[in-house]
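Participant: Next one to model:
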Amino acid sequence: MSSKLIGSILALLAAACCGWMLEPAMAQDPPTRAISPIAGDLYRFQNNNHFSVFLVTDDGVMVTDPISADAAAWLEAEIEKRFAKPVRYLIYSHDHADHIAGGEVFADTATVIAHDNAKKHIVEENRPTAVPDLTFSDSLTVTLGGKTVELSYLGRNHGDNLIVMYFPAERALFAVDIVAVNRLAFQDFPNAYIEDWIESLKAVEAIDFDILVPGHGALGTKADLVAHRRYIEELRAEVLNLMRQNKTLDEIKAQVTMPAYKEWGRYDEWLSMNIDGMYRHLSLYRRGN
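Facilitator: Residues are numbered from 1 along each chain as shown. So this is what the prediction gives:
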């Protein structure tokens, strides 16, 4: 067999084996984006699995987490088209980039607000967003066009700088990453201070609201927030009890099934990770013998 023929055969085999490398990249699906009313002049903005809220007033709009630069540009255009109002305030729930990236889109017209610790992390970690203009330590009431939002820092929970936002006229509370409606806690409790988290949820329960607006998933009520807090408390108690019996992590995973919550979202995917995170946290902070 000639060397030329052998070369041709090898080239054909290489193309057959590796032809997938020559295929064009699959086109990505366009993002799911929507605006839906919550109550009064308060609206919810969806960008795929992330949600934020905005409040329309006679003097402009208060916007919360921009989510990403593309999402923020889309939202800015929609607000202009639907309401013909400028964005006057942009409020960050906390410093994590998956919620607050893209703040620069609104920074030319808006005062950017966040907790003191959030600004520190945004600057030090070089988050891809606008640096806050105004920060606070415990609470801040923002008023625009005769409407208000009350911002509250409840201590450490999902990090050290997350705030909740209460819209009293609408009786709605926007709470990101510390609560979900009929869904397990996110994966392995990243950035979590579990005991402080529980206390934060108790503090939120004391706020007089009707509509719970999470940063992910469905709307709910105060009862849903109470249920989420009880889930975390019960999971903590079960894991801690078995740790005190010197059970290994694998043994704990086999015994902790949380059957009361088996109908909740992400039960099959995240329960094991929830146990991982709780075990890690308790291993670091419990005081054993």
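
Participant: Contacts only, for the residue sitting nearest the centre point of the chain.
Facilitator: Centroid-nearest residue in the chain: residue 177, 4.1 Å away (criterion: Cα atoms, centre = their mean). Shown in contact with residue 177 (Cβ atoms under 8 Å, 6 or more residues apart in numbering): 93, 94, 96, 99, 158, 162, 186, 215, 216. C-beta here means a position set from N, CA and C on the backbone, and glycine is covered the same way.

Participant: wait, isn't the third one in contact with residue 161?
Facilitator: No. Using Cβ atoms under 8 Å, residue 96 is not in contact with residue 161; the gap is 9.4 Å.

Participant: what about residue 41, neighbour count?
Facilitator: Residue 41 has 19 neighbours, counted by other Cβ atoms under 10 Å.

Participant: Repeat that for the one 5 residues further on.
Facilitator: For residue 46, the number of neighbouring residues by other Cβ under 10 Å comes to 16.

Participant: what's the helix or strand hosting it packed up against?
Facilitator: Per DSSP states H and E: residue 46 is located in strand 42-47. Counting contacts by 3 or more Cβ pairs under 8 Å, 6 or more residues apart in numbering; DSSP states H and E, strand 42-47 is packed against strand 33-39, strand 50-57, helix 69-83.

Participant: redo that, cut-off 6 Å
Facilitator: If you count contacts as 3 or more Cβ pairs under 6 Å, 6 or more residues apart in numbering; DSSP states H and E, strand 42-47 packs onto strand 33-39, strand 50-57.

Participant: next one: the helix or strand in which residue 236 is found to chain centre, how far?
Facilitator: Per DSSP H and E: residue 236 is located in helix 222-244. Mean-position distance between helix 222-244 and its chain equals 20 Å (Cα atoms, centre = their mean, to the nearest Å).

Participant: CA atoms only: put the next helix or strand after it into PDB for me.
Facilitator: Downstream of helix 222-244, the next assigned helix or strand under DSSP H and E is helix 249-255. Extracted C-alpha coordinates of helix 249-255, given in PDB (Å, rounded to 0.1, in the frame of the first residue of the first chain):
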ATOM      1  CA  LEU A 249     -21.100  11.700  57.500                       C
ATOM      2  CA  ASP A 250     -22.100   8.800  55.400                       C
ATOM      3  CA  GLU A 251     -24.100   7.300  58.300                       C
ATOM      4  CA  ILE A 252     -25.800  10.600  58.900                       C
ATOM      5  CA  LYS A 253     -26.800  10.900  55.200                       C
ATOM      6  CA  ALA A 254     -28.300   7.400  55.400                       C
ATOM      7  CA  GLN A 255     -30.400   8.300  58.500                       C
END
